[in-house]
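Undergrad: Below are the sequence and a predicted model; questions follow.
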Amino acid sequence: METIYLAIVLSPLIGSLLAGLFGKVIGRSGAHWVTIIGVAVSFVLSVYVFKHMVIDGGESFNGTVYTWMVAEGMRLEVGFLVDRLTVLMMMVVTFVSLMVHVYTVGYMHDDPGYQRFFSYISLFTFSMLMLVMSNNFMQLFFGWEAVGLVSYLLIGFWYKRPSAIYANLKAFLVNRVGDFGFLLGIAAIAMYFNTLDYAEVFAAAPSMSDATIEVFEGVPWSALTLICILLFIGAMGKSAQVPLHVWLPDSMEGPTPISALIHAATMVTAGIFMVARMSPLFELSETALSVVLVIGSITALFMGLLGLVQNDIKRVVAYSTLSQLGYMTVALGVSAYSAGIFHLMTHAFFKALLFLAAGSVIIAMHHEQDIRKMGGLKKYLPITYWTSLIGSLALIGFPGLAGFFSKDTIIEAVHASHIAGSGFAYVSVLLGVFVTALYSFRMFFLVFHTNERFDAHTREHLHEPPAVVTVPLILLAVPSVLAGYWIDPVVFGDYFGSAIQVSASHDVIGHLAEEFHGAAGFILHGIQGPAFWLAMAGLLTAWYVYTRQPDLANQARNRFSLVYRVLQNKYGFDRFNEIVFAGGARAVGWILWKLGDVLFIDGLLVNGSARVVGWFSGIVRHVQSGYLYHYAFSMIIGLLLLLWWTIGFVPNG
C-alpha cells in the first residue's frame, strides 16, 4: 500500500513538472493531458484506498517514507497517516481537482499561459495531498506553506493586471500572519513533547493537560490552550476566519477554475481539516474550543451579510464561502468534528459547482461579471441554469440536498452544546441561514430570471459553453444532491473511528445520534425546525424583491444607507489594514530608510567615510610638494625624532 500512497501524492507532481518544464515541447494538449491523467490516477487510487479501508475493513497506515534529519533525538520525517479521515479528504480533493482540470480545458482555451496554469493547479493538488496525508507536523507545515505559495502564483496568474498582483500579495501577507502563529504552535509542540509525530504527541497530550507556560511573567497559562490557539491562528489565515479573512474575496482576481479549487477543495479547507486532525489536543482545552466557536460564529453571520451587497458574480460566491467556512469552524468549536468535516465534503461539491457555473456564465457573457448586466439567461444556458439551481439549493440547505444534511446537523449540534459562546453561535448560524438564502437567490434571480440587461450583440452570441465545461457541472451536481445521504455512517456512525477523538462531556453528536432515525426522519424533523423556514423566508424575499418589486431594493438601500455603506466598506477591515498595517509598515520603512540608509549608511559609512578620506588627503597632499629640499628636511626631522625617542625612552642595557 505504501507504493499506492506514494503514487497518489506524486502523480499530480509529475504532471505539474511535465507541463511546467516541458510545456513548449508537449504543447497545449500535452499539458492538459499529463496533468489530467496525473490527477485522475490520484482519484482512482484514492477510491481504491477508500474501498480497501472502509468497505473491506482494512487497517489504517501510519509510517515513515523518509527520515530527513535527526536533531537532539527529534526525528524530522516525511511520512503518511492514512486513516478514514485522510481517505475522505483524499477523495474530495482529487475528485474536485479532476473536475476543475477538465473544466479548465474549455475555460482557459485561448489563454497564452495555458501550460503554466495546468502546471500550477496540478502542483496545488500535490501540495494539498501532502498536507492531508502527513503524519507529522513538519510535513504538515510543508504542505501548509506549499498551498499558500501556489495560491499566490494562481491568484496573480494574470500578472499584468495590477489588481491581480495586489490580490496575490494581500493573500500572501495575510497568510504570513496566520502562519506565524501556526509556526509558534508547532515550535511549542516541539518544546513540550520533543517530537513532531502526530501519534506520539496525541498519546502524550493527556499527561500535559496541567502543564503551564508564562507568556507574561507571573501569569501562568495552560500550555495546551496556548498551543491550540496558536494552531488555530494558522487555521484562521488559511480558512479565512475573521479578522484574517480579507484575502479570500480578492482571490477572485485569479481565473475562475482556481477560484473553485481554492474555495472548494484546497487551501481554505486546510484549516478545518487541521483542527479536526488535532481533536485530541483541542478536546483538552475548552477555552480553545470557545475561541474557535466564537470566531466561527462571527464569520458565519457577518461575512454572509457582505454577500448581500456584492455585484460581481464570483464575489457573491466568495462571500458565501467565507460564511460556510464559519459554519464548519462553529462545528469544530462545539466538538462536532464529524459534522464539520461532513459539511466540508458536501460544501466542496456544491461550491465547486457554483464557481464553475459562474465561470460558464462569464464565458457566455464574454467575461462580464456584473450580475446587474445579466438577466434572463435561463433560456440561453439551460444546463448552467439547472446545475446552478441545484448548487444554490444545496447551499441554502434545501431539504434532501447535500447541504441540508450537513448544515442542519451543525445547527442542531450548536443548539445541544454547552460550551461558552454556544448561545451566541446558535443565533448567528440561524440568522446566517436566512442571509445565505437571500444573497444566493438574489444572485440566481438576477442572473437567470428578470429582464435581460445586456446588448443585442451579446444576445446574438449567447449559447451554452462546450461539453468540456458543462460535463463537470453535471458531475458535480450529482454529489451535491446525493452526498448528504451518507450522513448516517459519517456523522452519527463510527466512520472516523479513532481518527477523531471527542471527550464524553463534549459529545453533542452522540446526543443527536440518539434521536437520529435515518435520512428520511432527519428531513421530516428538519422541515419542522426554524432553519428550514428561515431559508424559505430568504428565498421568497429574494424572489419578491428582485423579480416582482425591484424598486424595493433601491428603497431599502436609500433608507438604510448607513448600513449599506458599512457593508460596502466591508466593516472597514480593508481600510483599517491599509491605514494601520500597510500604512504603518510604510511609515516604519520610511523611518528605517531615513535613519538607517540615508543617515547611517549613506551619511556616515559611505559619504561620511569618503568625506573624511577627502579631508585627510587634502592635508597630506601638501606634504608632497615635489621639492627635494622639503623631502630632505622631513627626513632630518624624522631622524631627530627617532633619536630622541630612542635615547629618551629606551632603557639602558
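TA: Sure, I can see it.

Undergrad: can we go C-alpha only for contacts and neighbour counts from here?
TA: Will do.

Undergrad: neighbouring contacts of stretch 537-556?
TA: Residues outside stretch 537-556 that contact it (Cα atoms under 8 Å, 6 or more residues apart in numbering): 433-439, 441-442, 445-446, 449-450.

Undergrad: Would you mind writing the CA trace of it as CSV?
TA: C-alpha atoms of stretch 537-556 as CSV (Å, rounded to 0.1, in the frame of the first residue of the first chain):
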residue,chain,number,x,y,z
ALA,A,537,-38.1,33.1,4.0
GLY,A,538,-34.8,34.2,2.5
LEU,A,539,-35.6,32.6,-0.8
LEU,A,540,-39.1,34.1,-1.0
THR,A,541,-37.8,37.5,0.0
ALA,A,542,-35.2,37.4,-2.8
TRP,A,543,-37.9,36.3,-5.3
TYR,A,544,-40.3,39.0,-4.3
VAL,A,545,-37.8,41.8,-4.1
TYR,A,546,-35.8,41.1,-7.2
THR,A,547,-38.4,39.7,-9.6
ARG,A,548,-41.7,41.4,-8.5
GLN,A,549,-40.7,44.6,-6.8
PRO,A,550,-37.2,45.5,-7.9
ASP,A,551,-37.6,49.1,-6.6
LEU,A,552,-37.8,47.8,-3.1
ALA,A,553,-34.1,47.0,-3.2
ASN,A,554,-33.3,50.6,-4.1
GLN,A,555,-35.6,52.0,-1.5
ALA,A,556,-34.1,49.8,1.2
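
Undergrad: so what does the helix or strand hosting L642 touch, helix or strand wise?
TA: For L642, the host element (DSSP states H and E) is helix 628-649. Judged by 3 or more Cα pairs under 8 Å, 6 or more residues apart in numbering; DSSP states H and E, helix 628-649 is in contact with no other helix or strand.

Undergrad: Packing partners of the helix ranked longest in the chain?
TA: Ordering each helix of the chain by length in residues (DSSP state H) puts helix 162-193 first. When contacts are defined as 3+ Cα pairs under 8 Å, 6+ apart, helix 162-193 packs onto helix 137-155, helix 198-204, helix 223-238, helix 247-250.

Undergrad: Could you check the angle that helix makes with helix 223-238?
TA: Relative orientation of helix 162-193 versus helix 223-238 (axes from the mean of the first three to the mean of the last three Cα atoms, to 10 degrees): 160 degrees.

Undergrad: returning to that earlier point: quick check: which of the helices and strands packed on helix 162-193 is buried the most?
TA: Of all the helices and strands packed on helix 162-193, helix 223-238 carries the top mean neighbour count, a mean of 26, counting by mean count of other Cα atoms under 10 Å.

Undergrad: report the angle between the axes of that one and helix 137-155?
TA: Counting by the same axes, to 10 degrees, helix 223-238 points 20 degrees away from the direction of helix 137-155.

Undergrad: what helices or strands is the strand or helix carrying W615 leaning on?
TA: Taking DSSP H and E as the criterion, W615 maps to helix 607-620. With contacts defined as 3+ Cα pairs under 8 Å, 6+ apart, helix 607-620 has no helix or strand neighbours.

Undergrad: Other residues contacting it?
TA: D602.

Undergrad: how about it: buried residues?
TA: Residues of helix 607-620 classed as buried: none (neighbour count, 16 or more other Cα atoms under 10 Å).

Undergrad: Since that was my last question, I'll sign off now.
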